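Asker: here is my input, please return the structure:
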Amino acid sequence: MYRLYILLFSALLLSACANRPRQLQIEVLNSYTPVKNQGDSQTCWAYAMLAAIETEHIMRGDSIHLSVAYVERTMRRDRQMPPKGRAIGMTLINMIQRYGIVPYGAMPDNDPDLPLPRYAFMDGCRYTPQEFAHSVCAPGEWIGLCCNEDSAYYKECLFDVPDNWEHNRLLNIPADSLLLLTERAVRQGHGVCWEGDISERGFLSKEGLAVTSLFNGSTTDDHCMAIVGLARDETGQLYFILKNSWGETPPYGGLIYMSSDYFRKKTLAIYLVLKHQQGWHLAKF
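Answerer: I've put the predicted structure just below:
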């Protein structure tokens, strides 16, 4: 029996090694603000969604850097917010519509005890936090997409995860469409927020990789990150480059390379700007 366990373990290791890329070639790397560290907080959803908004605006020619500390302080005002502060990407959009947002310089992460700013300043203009939020994230500008095989496609459905205490509804589309739409958005420079499962043994944070080996068979809502680029391995497989919020960890300075297979199987939702006037028609996907 012991020999059988050794053989099975060896087979798993070989499988894991076989799924790890030997070489990654970057195809697209969009601009992003510095990688941050959420520390012991459970607000990855805020870090990731703000990072996606920042990349979106950098693509448009606007240089913005937003304050996570402001969001974490305003969370205390929301009576619905769970004690641990867990939520989903769309919660960040809803929160800054309610409470506003300020630039990073007005309330940096390393000084969270500063009083909440009454105004935000950008390019010589003065805004209230709510006015500034609307300037960087207009109401209805961002959309949440999911893939739920048990619900009708191309219709909104309840995003049924424990952290969705707001009961947000996302647009349900097929898995292949979700992947293609995400790839197209990144290639065009848009900011994208990813939400999914990192509990798998195939999520190798110390190696900066998320690969398809060693799946445990279940999918849980564990983490959010911003997608900032695309790469290929030596076999031609597509990888998404994600900006994590665990600090500038090696080997990629806080970035994670996620294979398209991992993305397809372990993505729960993405959040992006969907502009039909630019030819973004879901029916094409």
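Asker: need the contact list for G140.
Answerer: Counting by C-beta atoms under 8 Å, 6 or more residues apart in numbering, G140 touches no other residue. C-betas here are computed from N, CA, C, even on glycine.
Asker: kindly list the main-chain dihedrals of it?
Answerer: Dihedral pair for G140: phi 80, psi 0, per degrees, to the nearest 10.
Asker: state the pLDDT value of it.
Answerer: Residue-level confidence at G140 comes out at 92, pLDDT.
Asker: cool, and G39?
Answerer: 94.
Asker: roughly how far does it sit from G191?
Answerer: Shown here: G39 relative to G191, a distance of 23 Å by C-beta to C-beta, to the nearest Å.
Asker: which one of those two has more residues nearby?
Answerer: The neighbour count for G39 versus G191, taken as other C-beta atoms under 10 Å, is higher for G191 (30 against 10).
Asker: how far away is the nearest residue to E56 once chain neighbours are set aside from C157?
Answerer: Taking C-beta to C-beta, 6 or more residues apart in numbering, and ignoring the residues beside it in sequence, E56 has G191 as its nearest neighbour in space, at 3.5 Å. G191 sits 24 Å away from C157 when distances are taken as C-beta to C-beta.
Asker: would you state the helices of the stretch 1-150 of the chain in chain order?
Answerer: Using DSSP state H, counting those that start in this stretch, the helices of the stretch 1-150 of the chain run over residues 2-18, 44-59, 68-74, 89-99, 129-136.
Asker: most neighbours per residue, which of those helices?
Answerer: Compared across the helices of the stretch 1-150 of the chain, helix 44-59 shows the largest average neighbour count, a mean of 25 (mean count of other C-beta atoms under 10 Å).
Asker: which residues touch stretch 225-244?
Answerer: Stretch 225-244 is contacted by residues 21-30, 32, 35, 44, 48-49, 51-52, 55, 182-183, 186-187, 191-194, 205, 245, 254-261, 263, 270 when judged by C-beta under 8 Å, 6+ apart.
Asker: circling back to that earlier point, so who does the residue nearest to E56 touch?
Answerer: Contacts for G191 were tallied using C-beta under 8 Å, 6+ apart; they are 30, 51-57, 59, 226, 272-273.
Asker: let's go with 6 Å and repeat that
Answerer: Taking C-beta atoms under 6 Å, 6 or more residues apart in numbering as the criterion, G191 is in contact with 52-53, 55-56.
Asker: same thing with E156?
Answerer: Here E156 is in contact with 169, 171 (criterion: C-beta under 6 Å, 6+ apart).
Asker: ok, T33 next?
Answerer: The contact partners of T33, by C-beta under 6 Å, 6+ apart, come to 54, 65.
Asker: quick one: it from V68, how far?
Answerer: Distance of T33 to V68, computed by C-beta to C-beta: 11 Å.
Asker: how about C147?
Answerer: 28 Å.
Asker: just I270 next, same as before
Answerer: 20 Å.
Asker: ok, now M107?
Answerer: Remark: distance between M107 and V68 (C-beta to C-beta) = 9 Å.
Asker: then Y47?
Answerer: 6 Å.
Asker: low-confidence ranges, the protein, go.
Answerer: 1-19, 110, 112, 213-217, 276-285 (pLDDT under 70).
Asker: hey, where'd the strands end up in it?
Answerer: Taking DSSP state E to define them, one finds strands in the chain at 24-29, 120-122, 125-127, 142-146, 155-158, 169-172, 192-196, 203-204, 209-210, 223-233, 238-243, 255-259, 267-273.
Asker: which residues touch the second one?
Answerer: Strand 120-122 is contacted from outside by 102-103, 106, 127, 129, 132, using C-beta under 6 Å, 6+ apart.
Asker: if anything else comes up later, I'll come back, but that's it for now.
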